[in-house]
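# only geometry, no sequence info:
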């Protein structure tokens, strides 16, 4: 399940969206390709931090968008800023990744992903050294 919606992606990237996800030759956004990219990017997040209990944090929404945009970008669309945003997202995920068989904060062992009022996984305290 993607942490960001197609609307989140379009709002954050604005006019850049059509450069990344346009139908070939038609210039309109291909919503199927955009949804697939967001799902793929969510898979990257899940691989680093499995069992998230509160994945709708704005941090995860932003990382989902940044990773998807990087994956979609080709040629001139893969700008220095886009590459840096991707690298930053991966760096944060590396810091949140459970170490030595432990689970990340806010993640219970073998837990299924659920939305709700669980303890925050990402906060100023857990990300202050990133």
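Cool, the structure landed. None of the values given here were measured: they were computed from a predicted structure.
# can you tell me how far residue 75 sits from residue 91?
The span separating residue 75 from residue 91 equals 25 Å under the rule CB to CB, to the nearest Å. No exception for glycine: its C-beta is placed from N, CA and C like everyone else's.
# neighbour count: these two, which is higher?
Summary of the neighbour comparison: residue 75 and residue 91, criterion other CB atoms under 10 Å, with residue 91 having more neighbours (11 against 6).
# any idea which element that one lies in?
With elements delineated by DSSP states H and E, residue 91 resides in helix 80-96, which encompasses its position.
# buried set for that helix?
Within helix 80-96, the residues that count as buried by 16 or more other CB atoms under 10 Å are 82, 85-86, 89-90, 92-93, 96.
# reformat those into TSV and put pLDDT and distance to residue 68 next to each item.
Output for the buried residues of helix 80-96, formatted as TSV (pLDDT from 0 to 100; distance: CB to CB, whole Å):
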residue	pLDDT	distance to residue 68
82	92	11
85	95	11
86	96	10
89	96	10
90	96	13
92	94	15
93	94	14
96	88	18
